[in-house]
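> here is my input; please provide its structure:
(one chain, ligands or ions: 2)
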Amino acid sequence: MRILVTGGAGFIGSNFVHHVVANTDHTVTVLDKLTYAGNRASLAGLPADRVELVVGDILDGALVDELAARHDAIVHYAAESHNDNSLADPSPFVQTNVVGTFTLLEAARKHDVRFHHISTDEVYGDLELDDPERFTEATAYNPSSPYSSTKAGSDLLVRAWVRSFGVRATISNCSNNYGPYQHVEKFIPRQITNVLRGERPKLYGSGENVRDWIHADDHSSAVLTILDKGVLGETYLIGADGEKNNREVVELILTELGQPSDAYDLVTDRPGHDLRYAIDSTKLRTELGWTPRYGDFAAGLAATITWYRDNEAWWAPQKEATEAKYRASGQA
Ligand code: NAD
Ligand code: TDX
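Residues are numbered from 1 along each chain as shown. Ligands and ions are numbered 1, 2, ... in the order given. Below you'll find the predicted structure:
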């Protein structure tokens with residue numbers, strides 16, 4: 001298969017490209033605008049006869065049309081992805097996440113290209129800490145932030161293009177990813193790189209918010225499974241039973257790096273901060289036979305810490321500007 005991967009120079013997209021090269025015979029074209037979140041270096045070392053990078057915008061209809069015409073499938077990761085940024089300036093979120101997805105869907109429709117849309121569990125809003133239910137494919141949409149509302153909007157566009165125009169599409173909604181190549185603005189890399197630079201981790205609010213962590217490589221294997229065996233028109237939730245509160249994650253990072261487990265600061269909370277996400281991935285596991293490989297979060301986190309320790313040249317250029325943004329918003 002020839003796969004067009006949008007956002008393939010970002011965190012999860014680049015992990016997917018590495019996974020595809022290692023585990024299949026597919027060839028990949030990455031379409032990525034290389035925003036502040038995209039990084040060419042995340043694709044370094046991949047074979048040139050299997051992976052091509054096209055620097056461009058998913059809002060560029062002519063470019064998207066030309067690329068769609070020569071691929072068998074589109075896997076759509078490109079997005080503005082950070083909640084805090086969406087609170088500071090929602091505009092690029094509406095453009096890239098909603099209008100960009102529309103642009104890709106029109107090309108998939110015209111050229112009858114298989115389409116897989118990457119989305120998030122945040123479209124379902126949040127859960128109470130003691131709620132025994134987790135999100136399923138039947139949970140009602142209830143997004144909280146500009147980011148999650150634009151992702152919800154993009155999911156609904158995909159569903160409409162399936163029903164109205166017969167676009168051959170599937171959707172997946174995944175929980176929080178961790179692993180190599182994640183931008184230092186995000187929670188886990190921010191705290192790891194703070195400690196590596198001799199600074200303290202920063203927990204929003206009380207640190208009791210819960211996220212359901214999955215290794216990015218498990219996300220990739222799930223997406224390949226859906227591309228291979230998924231039923232057209234269906235949505236699949238992806239998760240690995242990895243619920244942890246933010247305080248527990250910071251304590252693990254501090255301990256792994258030889259610091260006292262309480263050497264963190266509580267800082268100003270994120271406005272509208274979702275309390276808890278939790279995914280029930282029974283459908284993907286029972287209907288498509290997928291299982292995650294990274295069962296042990298502490299081990300996966302330790303490997304991720306090692307990656308950031310060994311790859312300072314990858315993250316150091318972004319660290320100062322990222323922390324300056326957090327200082328400006330009082331989250332430092
Ligand atoms: P990221 O911010 O690390 O990467 C996004 C990539 O998209 C970057 O390389 C960026 O340059 C590119 N991009 C942005 N706007 C573009 C445009 N207009 N045209 C072309 N390229 C553009 O994001 P991520 O964390 O890797 O997330 C990837 C996808 O996975 C997103 O759709 C996100 O909603 C979804 N997702 C993320 C998580 C998570 O935990 N990070 C969880 C579930 C779903
Ligand atoms: O410095 C921090 N301190 C802190 O306590 C940062 C950056 C975050 N947090 C908290 C906020 C969240 O409760 O950590 C948790 C995780 O924060 P983020 O990494 O910003 O992720 P989140 O808002 O949960 O969204 C992520 O998962 C779902 C991705 O960024 C989204 O793209 C994805 O859809």
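
> most centrally placed residue in the protein?
Geometric centre of the chain, nearest residue: Ile12, 5.2 Å, by Cα atoms, centre = their mean.

> the helix or strand hosting that one: which residues count as buried?
In this assignment (DSSP states H and E), Ile12 forms part of helix 11-23. Buried residues in helix 11-23, counting neighbours by 16 or more other Cβ atoms under 10 Å, are found at 11-21. Glycine gets a C-beta too; all of them are placed from N, C-alpha and C.

> repeat that for stretch 187-202.
For stretch 187-202, by 16+ other Cβ under 10 Å, it's 187-196, 201-202.

> is Glu256 in contact with Ile305, as I believe?
Yes: between Glu256 and Ile305 there is a contact under Cβ atoms under 8 Å: 5.4 Å.

> so the two - more neighbours on which side?
Taking neighbours as other Cβ atoms under 10 Å, Glu256 and Ile305 compare with Ile305 leading, 21 against 16.

> and the contacts of whichever strand or helix holds that one?
In this structure, Ile305 sits in helix 297-310 according to DSSP H and E. Contacts with helix 297-310, where a contact means Cβ atoms under 8 Å, 6 or more residues apart in numbering, come from 178-180, 188-189, 192-193, 196, 213, 215, 242, 244, 249, 252-253, 256-257, 294, 315.

> equivalent analysis for stretch 184-199, please.
Contacts of stretch 184-199 (Cβ under 8 Å, 6+ apart): 11, 37, 82, 84-85, 176, 178, 182-183, 200-202, 211, 246, 249-250, 253-254, 257, 259, 264, 301, 304-305, 308-309, 312, 315, 318-319, 322, 325.

> hmm, it in reach of ligand 2?
Yes: Stretch 184-199 reaches ligand 2 (Cβ under 6 Å from any ligand atom) through 186-187, 190.

> tell me how many other residues surround the residue nearest to Trp213 when sequence neighbours are not counted.
Excluding its sequence neighbours, the residue lying closest to Trp213 (Cβ to Cβ, 6 or more residues apart in numbering) is Gly242, at 3.8 Å. As a burial measure, Gly242 scores 22 neighbours (other Cβ under 10 Å).

> for Leu105, same thing?
24.

> over to Gly272?
12.

> and what of Ala88?
The burial count for Ala88: 11, using other Cβ under 10 Å.

> elements contacting the helix or strand containing Thr103?
Here Thr103 sits within helix 100-111, counting by DSSP H and E. Contact analysis of helix 100-111 by 3 or more Cβ pairs under 8 Å, 6 or more residues apart in numbering; DSSP states H and E lists helix 61-68, strand 73-76, strand 114-120, helix 146-165 as its packing neighbours.

> change it to 6 Å
Contact analysis of helix 100-111 by 3 or more Cβ pairs under 6 Å, 6 or more residues apart in numbering; DSSP states H and E lists helix 61-68, helix 146-165 as its packing neighbours.

> just name the most buried of the ones you listed.
helix 146-165 (a mean of 20; mean count of other Cβ atoms under 10 Å).

> count of residues packed around Gly45?
8.

> and the closest residue to ligand 2 within the stretch 1-150 of the chain, how far from Thr27?
Closest approach between the stretch 1-150 of the chain and ligand 2, counting by Cβ to the nearest ligand atom: Thr120, at 3.0 Å. Per Cβ to Cβ, to the nearest Å, Thr120 is found 27 Å from Thr27.

> of these two, who's got more company?
Set Thr120 next to Thr27 and count neighbours by other Cβ under 10 Å: Thr120 wins out with 22 against 17.

> residues contacting that one?
Shown in contact with Thr120 (Cβ atoms under 6 Å, 6 or more residues apart in numbering): 151, 173.

> repeat that for Gln318.
Val184 are the contacts of Gln318 under Cβ under 6 Å, 6+ apart.

> what helix or strand does it sit in?
Counting by DSSP H and E, Gln318 is part of helix 312-328.

> so which of the contacts of stretch 184-199 reach ligand 2?
Okay, of the contacts of stretch 184-199 touching ligand 2 (Cβ under 6 Å from any ligand atom), that's 82, 176, 202, 211, 246.

> between these, which is nearest ligand 1?
Nearest member of these to ligand 1, counting by Cβ to the nearest ligand atom, is Asn176, at 4.4 Å.

> so what's the residue count around that closest one?
23.

> would you put the C-alpha positions of the helix holding Thr103 in PDB?
Taking Å, rounded to 0.1, in the frame of the first residue of the first chain, the C-alpha atoms of helix 100-111 are listed here in PDB:
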ATOM      1  CA  GLY A 100      -8.100  20.800   7.100                       C
ATOM      2  CA  THR A 101     -10.100  17.600   7.700                       C
ATOM      3  CA  PHE A 102     -12.800  18.800   5.300                       C
ATOM      4  CA  THR A 103     -10.100  19.400   2.700                       C
ATOM      5  CA  LEU A 104      -8.800  15.900   3.000                       C
ATOM      6  CA  LEU A 105     -12.200  14.300   3.000                       C
ATOM      7  CA  GLU A 106     -13.100  16.100  -0.300                       C
ATOM      8  CA  ALA A 107      -9.900  14.600  -1.900                       C
ATOM      9  CA  ALA A 108     -10.600  11.100  -0.500                       C
ATOM     10  CA  ARG A 109     -14.100  11.400  -1.900                       C
ATOM     11  CA  LYS A 110     -13.000  12.500  -5.300                       C
ATOM     12  CA  HIS A 111     -10.300   9.800  -5.700                       C
END
